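Engineer: when you get a sec, could you give me coordinates for this:
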Amino acid sequence: MPEVFVDLPPIPVLRLRADWNGGGPAAAMANVESKLPTLKGRKFYGTFRPTPEGEEYFACVARVEGDDAAQLGLEAGEIPGGWYARRKIRDWERDITQLAVQFKDMVRVLGDNVDPDRPEIEFYRSQAQMLVFVPVRSPPRPTPRDPRTAPPGQA
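Structural biologist: Numbers count the residues shown, from 1 in each chain. Okay, here's the model as predicted:
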């Protein structure tokens, strides 16, 4: 599955760190959702990265005007912007294990271009589709057109 490269802006979020001994990411996301007055119109994300202390996962919701992190019992944070490789995953709820497989494959394909200082991102676009993002140091360089295969006048 090919990656698409996108330049994401920083995303201000409210977030909650997952407790790997207490339900993990699913429980953290359910907890974030339970604190909001409505889920309608909200954008949900998960961020993941390995740390020296172990794996770090935050369940996140994009901040909107009027959000008060302290009142909601959530931490204010930001998903870092920059260049990311993106893949679409359809029917992700049917087989949640495919997320880890996709992330590992993307990291393998991207190799040394992966930026270890920023987290991998899950964007819950819908119950039927998720976008997964792996941070990269730079976008791919355009490849020069081969004059032997380019359409006439475009070499």
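Engineer: quick check: L99 is in a helix.
Structural biologist: Yes - assignment of L99 by DSSP: H, G, I helix; E, B strand; the rest coil places it within a helix.
Engineer: this structure: strands as residue ranges?
Structural biologist: Secondary structure of the chain by DSSP state E: the strands cover 4-8, 11-17, 44-51, 54-62, 75-79, 82-90, 120-123, 129-135.
Engineer: same for the fifth one, what does it pack against?
Structural biologist: For strand 75-79, the packing partners by 3 or more CB pairs under 8 Å, 6 or more residues apart in numbering; DSSP states H and E come out as strand 11-17, strand 54-62. Using the backbone N, CA and C atoms, a C-beta is placed for each residue, glycine as well.
Engineer: beta partners for the most centrally placed residue in the chain?
Structural biologist: Closest to where the C-alpha atoms of the chain average out (CA atoms, centre = their mean) is I121, at 1.5 Å. Beta-bridge pairing for I121 (DSSP bridges): T47, F133.
Engineer: likewise for G54?
Structural biologist: T51.
Engineer: what is the burial count for C60?
Structural biologist: Neighbour count for C60, taken as other CB atoms under 10 Å: 30.
Engineer: next, the contact list for it, please.
Structural biologist: 11, 13-15, 32, 44-47, 77, 79 (CB atoms under 8 Å, 6 or more residues apart in numbering).
Engineer: try it again with 10 Å
Structural biologist: 11-16, 28-29, 32, 43-47, 74-75, 77-79, 119, 121-124 (CB atoms under 10 Å, 6 or more residues apart in numbering).
Engineer: distance between the lowest-mean-pLDDT helix or strand in the chain and the chain's centre?
Structural biologist: Lowest mean confidence among the helices and strands of the chain (mean pLDDT, DSSP states H and E): helix 97-110, at a mean of 83. Mean C-alpha position of helix 97-110 versus that of the full chain (CA atoms, centre = their mean, to the nearest Å) differs by 12 Å.
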